[in-house]
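Novice: what's the 3D shape of this:
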Amino acid sequence: MDDNTTSSLAGGVASNKKYIIIILAALALANIIPNLGSQQLKLNQYLRTDDNTEVQQNNRRRDEEASLIAIGDGKRRVFPSWAVVTQCSLYHTDCPNHLEFQDYPFPLPPATQSQQDDEGMAALTNKTNEWIEEFKQRSDTDSDSHLIGYEYPAKVDDAIKRQCITSTQTLSVEDQLDKILSHLVPLKDTHNMIAFSMTDETYAKDMLHEVYEMNNDIVGFKGAFFFVAMDSYTAHMACEFGYPVVAMPENDDLKKQVQSTKVFVSKLLVERGQSFLFYEMDVWFVRSPLRMLQQHMHEYDFLCSTHQWNPGELNIGFYAALANEGTINYFEDSLQIIEKNPLAHDQKIMHAVADDNTATLENRTLQDHNNCGWCGHENVSFPAIKATNPIRVGRLDPHVVVSSLYPVPTEGTVALHTLADMPLKGPFGKEMVAKELGVWYGWGKATSKAGYYHREGSYRRYIFLENGGTRGGQSFVQSKGYHDEGAFRRQIAVLATLAKVTNRILVLPQVLSDYHAQPLWIYLDLESLEKLGIVYRETNFASNKKSWYTHTTPFASVTQMAIVESSNEVQLLRGNQTTASSDRIPVSSFTTDDPLSAFFAVAISHPQVKDSEALFVNLDHFQGGHIGSVGVQKLHDKLAWCAWGIGYRKKYNDKSATHLGSTNHCYGSGNAV
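Specialist: Modelled structure (predicted):
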């Protein structure tokens, strides 16, 4: 994540007899992280870096390059209408107020004359029949293009894979761990620590590559990290890609297994004299915790994150421990209580045992934990822990590792831990919240030309909804389509079909409800999109600079596309770094009298459109009417939806994006209409 610069794109419009010219440029503004004084545990200290570090040098060089880029006329920045999705995230409702947009957005007004010369128009007219035929052929196939897929990391040699799998199947957990430790290289300057995370199939499918690459690139434990696999699927996947892994025996009781495993492996590590950092798979780092660990593990034996709503309550999604007699006893005591009390919550038990250690250090009176409902169930009871080697417990500031259903990052945040309303909830909602907040790592940054954010060349193919004046989305409060669920479903069906037949990644549009801007995934069951082979990205994808073409430019080229009913034409406005040209194609030039077929044909076959990196489509024209003539109806009938949030007292109608957590998604719960 780039925390040091923000960039903006500027443009202006001028026209001559042949072309409409858009002057686009970019400005990067230095975003200086302020030192706001000492917080709990002096947490701002480790954010500062020396001026001679490579990171600082790269940042200065990048800022110098950005300062050379022209800004319009040198006095102001003017943005094209599509740029709102690159400048304003779903959460930033005030963002458009601080930007200046072109005087007339796309589609072009009737007064603007066609910029296509006669020869060019004749050539396009002759091509329309071919475009229709190409569209028909494309719409009859359900195949996906590799251009919108992924280029995964290389797999290891089969012999190495088999050796790894054999170890996970035949060796005890202790022997597997010893074997792994013999190959890891602890960080000498960070208390000789290593790091680990644990996962099962539900998380590994989407997150194994993410977490491994994030660990190497941001967290800082490259060559000193391993996974704990909770099932054979995860162990096989890790072995396939050469990721260090320790496999646990499979257990039908996942909750019991998860609760005991992290404590069990922690105990094994400190018993072997190995200090470590543990973090769960849904902890997303925006900067390395190494400086923090180097500084504060001199003061503490056990350092743990806390909850955003309670700085005194431990959250064991992130904790570090030094290997000594005290931590051996701490994990052993916690494990024994968890195993004897299957109804207990492991996090609460570790908190209670940590409190007993602190009370012992401070010579306070210990109290037994009888009928400890707070510990997970009222039947949970256990005596106070009288630690013979009490540990020093450190609690992180809640804004450093932000653990919450509704995490709010700050300039001092190291990582975000996206929570659900109960343990072991599925990962989808956590993923979407992390993506919308911009903390999802996005594997492929250093290993692939076709990763999640980092994509190169022909792999960069995106499609956006750009209805007029809707922040790159769909409004339910405009007079056309007011509270019309059917019209909205039709538009999404058209958009999704366009994504499929043009082999583009669909960037989910915003939904403007009565009171708020909201993500589409609280209404549309995205599993139904996946089953149709449609690849998508989160609403805030384009405003996340990790997805940009360069650090100052969102896309290499852009085409805006719309049908203008008053003039019965398909309009195009295509731009690149510095210029844009318009084109108007009369619907009458097509052999079909169906505007939707004409629209699809242009989107698929027009040479300027299909070569553009980003395609912004205005679908206002298709809010009403039938959608069956081009196969959209088939896809429409397969999309699944959840409760709507429009209208008085409807579900989610009054929910802002900032108050939508990981449990508010529709994934796997929708119904076809």
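
Novice: what sits against the nearest residue to residue 472 once chain neighbours are set aside?
Specialist: Counting by Cβ to Cβ, 6 or more residues apart in numbering, residue 85 is the residue found nearest to residue 472 once chain neighbours are left out, at 3.7 Å. From N, CA and C alone the C-beta is placed, and that goes for glycine too. Contact analysis of residue 85 by Cβ atoms under 8 Å, 6 or more residues apart in numbering lists 464, 471-472, 507, 542-543.

Novice: which of these sits closest to residue 555?
Specialist: residue 542 (8.3 Å; Cβ to Cβ).

Novice: quick check: pLDDT value at that closest one.
Specialist: Residue 542 is assigned 97 on the pLDDT scale.

Novice: in space, what's closest to it - neighbours in sequence excluded?
Specialist: Nearest-residue entry for residue 542: residue 85, 4.5 Å, with adjacent residues in sequence omitted and distances by Cβ to Cβ, 6+ apart.

Novice: name the SS class of that neighbour, please.
Specialist: Assigned with DSSP: H, G, I helix; E, B strand; the rest coil, residue 85 falls in the helix class.

Novice: same thing with the one 4 residues further on?
Specialist: Local secondary structure at residue 89 is given as coil here, using three-state DSSP.

Novice: relative to residue 575, how far out is it?
Specialist: 22 Å (Cβ to Cβ, to the nearest Å).

Novice: and what of residue 263?
Specialist: According to Cβ to Cβ, residue 263 stands 56 Å off from residue 575.

Novice: quick one: the strands in the stretch 151-300 of the chain, in order.
Specialist: When assigned using DSSP state E, counting those that start in this stretch, the strands of the stretch 151-300 of the chain occupy the ranges 194-199, 225-229, 245-247, 276-279, 283-285.

Novice: I'd like those as JSON lines, with distance to residue 534 appended.
Specialist: Rendered in JSON lines, the data for those read as follows (distance: least, Cβ to Cβ, whole Å):
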{"stretch": "strand 194-199", "distance to residue 534": "26"}
{"stretch": "strand 225-229", "distance to residue 534": "30"}
{"stretch": "strand 245-247", "distance to residue 534": "32"}
{"stretch": "strand 276-279", "distance to residue 534": "32"}
{"stretch": "strand 283-285", "distance to residue 534": "25"}
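
Novice: could you dump those strands into CSV and include mean pLDDT, distance to residue 520 and mean neighbour count?
Specialist: Putting the strands of the stretch 151-300 of the chain into CSV (pLDDT from 0 to 100; distance: least, Cβ to Cβ, whole Å; neighbours: other Cβ atoms under 10 Å) gives the following:
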stretch, mean pLDDT, distance to residue 520, mean neighbour count
strand 194-199, 97, 28, 24
strand 225-229, 98, 33, 25
strand 245-247, 98, 36, 25
strand 276-279, 98, 30, 25
strand 283-285, 97, 22, 26
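
Novice: what segments of the stretch 301-450 of the chain are helices?
Specialist: Assigned by DSSP state H, counting those that start in this stretch, the helices in the stretch 301-450 of the chain fall at 325-340, 346-361, 428-436.
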